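Colleague: When you get a sec, could you give me coordinates for this:
(chains A and B)
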Amino acid sequence: GQNIDQPTEMTATEGAIVQINCTYQTSGFNGLFWYQQHAGEAPTFLSYNVLDGLEEKGRFSSFLSRSKGYSYLLLKELQMKDSASYLCARGSGAGSYQLTFGKGTKLSVIP
Amino acid sequence: GAVVSQHPSWVICKSGTSVKIECRSLDFQATTMFWYRQFPKQSLMLMATSNEGSKATYEQGVEKDKFLINHASLTLSTLTVTSAHPEDSSFYICSAQGTSGRANYFGPGTRLTVT
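Modeller: Numbers count the residues shown, from 1 in each chain, chains lettered A, B, ... in the order given. Sure, this is the predicted structure:
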């Protein structure tokens, strides 16, 4: 299987840092994606990791450890607009990135 | 960035009728498009993978005769929900993958309500 596990909900304070973890099964792995999804809207792409290490992009960073089947999304300087669901997705397949999504982590940013 | 559109954005139809949803890549050619379904408070579930000019590959449990997919060009894929029932009410989202890109770009989604 390709079970992808991430916490269901998290709450953090405006201006703080939050880390959203994701674990996945490693067989056939072909990249780890993070998406942001606001209620009633389609997901928007945040990051992609295929090699171990940290990828930084502004306030958002994503980390991958392939041997551990583990990734996290780090959000810094939280803003109220960051309240959304964050979806971890595992890519598989050769050539085409067929994504399997986790159930998403609903992040609530409070004042 | 890459833009994917879907039409319609929402549709209400009566039970037993068919509904067609279009997914277009506006500024790139998409060799592969994916169709997802998302029920409230659930994650996206892949329904099928569509490659231009060939038959779609359906995920286990998805009826290919009920959910007809056509990917006739590099910029357009359509999903037709045939003989819709209330349990088909859901948020349908397509994503498109470019010929060289690694990211899947999502359309804005289509909310289908079957009464």
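
Colleague: Please make it C-alpha for all contacts and neighbour counts, starting now.
Modeller: OK.

Colleague: And the closest residue to A:Asn49 other than its chain neighbours, how far from B:Lys64?
Modeller: Closest residue to A:Asn49 apart from its sequence neighbours, by C-alpha to C-alpha, 6 or more residues apart in numbering or on different chains: A:Leu32 at 5.2 Å. The gap separating A:Leu32 from B:Lys64 is 28 Å, by C-alpha to C-alpha, to the nearest Å.

Colleague: go on, A:Glu9?
Modeller: On the measure of C-alpha to C-alpha, A:Glu9 and B:Lys64 end up 35 Å apart.

Colleague: So between A:Leu32 and B:Lys64, which is more surrounded?
Modeller: Neighbours per residue (other C-alpha atoms under 10 Å in any protein chain shown) separate A:Leu32 from B:Lys64, with A:Leu32 holding more: 28 against 16.

Colleague: Mind telling me which residue of chain B is nearest chain A?
Modeller: B:Ser43 (4.4 Å; C-alpha to the nearest C-alpha).

Colleague: Return the residues in contact with that residue.
Modeller: By C-alpha atoms under 8 Å, 6 or more residues apart in numbering or on different chains, B:Ser43 lies in contact with A:Phe101, A:Gly102, A:Lys103, A:Gly104.

Colleague: at 10 Å what do you get?
Modeller: A:Ser85, A:Leu87, A:Cys88, A:Thr100, A:Phe101, A:Gly102, A:Lys103, A:Gly104, A:Thr105, B:Tyr36, B:Arg37 (C-alpha atoms under 10 Å, 6 or more residues apart in numbering or on different chains).

Colleague: same thing with A:Phe45?
Modeller: A:Phe45 neighbours (C-alpha under 10 Å, 6+ apart): A:Phe33, A:Trp34, A:Tyr35, A:Gln36, A:Gln37, A:Leu87, B:Ala103, B:Asn104, B:Tyr105, B:Phe106.
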